[in-house]
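Participant: A predicted structure for the sequence below; I have some questions about it.
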Amino acid sequence: MPMEKRDFRTKAITLRKINKKIGEKHILKDVSFDIFMNEILALIGPNGAGKTTTIRCISGIFKVDSGTIIKNPNLRVSVVSEKDFFWEGDTGQKNVERFYKYFEGKLSKDMIDYYSEKLGLKEFLSKKVHTYSKGTRRKLSFLLSLLPDPDLLILDEPMSGLDPISRINMRETIKELKRAGKGVLITSHDLAEVEKLADRFVLIKDGKILADNLVWDALSKYQSLEKLFLDFVKEGRS
Ligand SMILES: Nc1ncnc2c1ncn2[C@@H]1O[C@H](COP(=O)(O)OP(=O)(O)OP(=O)(O)O)[C@@H](O)[C@H]1O
């Protein structure tokens, strides 16, 4: 009798056969994958593939038409959506304070200081948010997502607009969070970044999962994730 393959990783969220229609358009088609604690998972795919829709289903903004999303009920989840939401007329610091209160913040004041320093955000906190650049807005959204001290972070394009140093700082911060045992789901179009950051990737196209693999495993077969992406997406493999 063949031995059952057992997985000892701790699951944070399980998606099984998720289907989602918006109007008449079938956006997600039997989407299934797992999100684990202590792992950085990248959700990649071409424009319009269904990445943000998947995140909206996980975070409960969208109700799925069929399929199941199983979440550990005690799991604290933070979502950084593709659009930033702030009190625009307030300073970054005031936003931090308001979100802290709103989300019943769990992160210590020292850790808030640590992350704002690490993300290169500290000098901007005294300025009003409507004056922020795109990259600085992304950094503030990321900082705000850390305030509830989440177990799982869901990050939709958190690095868009970041300069190279800020990108390195955010990458290091995300890896540090993972080393602390947290799970991370991130979307990105920057496949070189995904190679540096993620442990595993899920590739989605036209609402269907085409690949779910460890990054190192994929890189041992393909020279780069870009090559794999072209093979699966451009060549129309499914
Ligand atoms: N509110 C909506 N109404 C109609 N169609 C929608 C809506 N939201 C998303 N879609 C469609 O769903 C599909 C998936 O969109 P989604 O934003 O999930 O893709 P994505 O993979 O995140 O794309 P991108 O990489 O461009 O951000 C697209 O065809 C999009 O046009």
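Facilitator: Looks like it came in fine. Numbering: from 1, shown residues only.
Participant: how about the strands in the chain?
Facilitator: With DSSP state E, the ranges of strands along the chain come out as 11-22, 25-36, 40-44, 66-71, 77-80, 152-156, 183-187, 200-205, 208-214.
Participant: Okay, now the unreliable bits of the protein?
Facilitator: Applying pLDDT under 70 to the chain flags residues 1-8, 235-238.
Participant: starting at the chain centroid, how far to the longest helix seen in it?
Facilitator: In the chain, with assignment by DSSP state H, the single longest helix is helix 164-179. For helix 164-179, the distance from its own C-alpha centre to the chain's C-alpha centre is 13 Å (C-alpha atoms, centre = their mean, to the nearest Å).
Participant: Equivalent analysis for stretch 144-160, please.
Facilitator: Stretch 144-160 has its average C-alpha position 7 Å from the chain's average C-alpha position, going by C-alpha atoms, centre = their mean.
Participant: now swap in stretch 117-136 and tell me
Facilitator: On C-alpha atoms, centre = their mean, the centre of stretch 117-136 falls 21 Å from the chain's centre.
Participant: can you list the residues of this protein near the ligand?
Facilitator: Contacts of the chain with the ligand, taken as C-beta under 6 Å from any ligand atom, map to Ile22, Gly23, Lys25, Ile27, Gly45, Asn47, Gly48, Ala49, Gly50, Lys51, Thr52, Thr53. Every C-beta, even on glycine, is put in place using the N, C-alpha and C of the backbone.
Participant: which ones are touching the closest residue in space to the first one that isn't next to it in sequence?
Facilitator: It stands for Ile22. Using C-beta to C-beta, 6 or more residues apart in numbering and skipping residues adjacent in sequence, the residue nearest Ile22 is Thr53, 7.5 Å away. Each residue near Thr53 by C-beta atoms under 8 Å, 6 or more residues apart in numbering is listed here: Lys20, Ile22, Ile27, Leu28, Phe62, Gly207.
Participant: what's the neighbour count on the last one?
Facilitator: Using other C-beta atoms under 10 Å, Gly207 has 22 neighbouring residues.
Participant: Hmm, it is touching Val31, no?
Facilitator: Yes - with contact defined as C-beta atoms under 8 Å, Gly207 reaches Val31; the gap is 7.0 Å.
Participant: coming back round to it: among the residues of the chain next to the ligand, which are located in helices?
Facilitator: Using DSSP H, those in helices are Lys51, Thr52, Thr53.
Participant: right, and the first one touches Lys205 too?
Facilitator: No - with contact taken as C-beta under 8 Å, Lys51 and Lys205 are classed as non-touching, separated by 10.3 Å.
Participant: Show me whatever sits in contact with both of those two.
Facilitator: The contact sets of Lys51 and Lys205 overlap at Gly45 (C-beta under 8 Å, 6+ apart).
Participant: higher neighbour count, these two?
Facilitator: More crowded of Lys51 and Lys205, by other C-beta under 10 Å: Lys51, with 24 against 20.
Participant: mind checking how far the more buried one is from Glu157?
Facilitator: 9 Å (C-beta to C-beta, to the nearest Å).
Participant: Give the residues shared as contacts by these two.
Facilitator: Counting by C-beta under 8 Å, 6+ apart, the residues touching both Lys51 and Glu157 are Thr187.
Participant: Phi and psi next, for Val64.
Facilitator: The phi/psi pair for Val64 (degrees, to the nearest 10) reads phi -80, psi 150.
Participant: I figured it hits Asn19, correct?
Facilitator: Yes - at 6.6 Å, Val64 counts as touching Asn19 under the criterion of C-beta under 8 Å.
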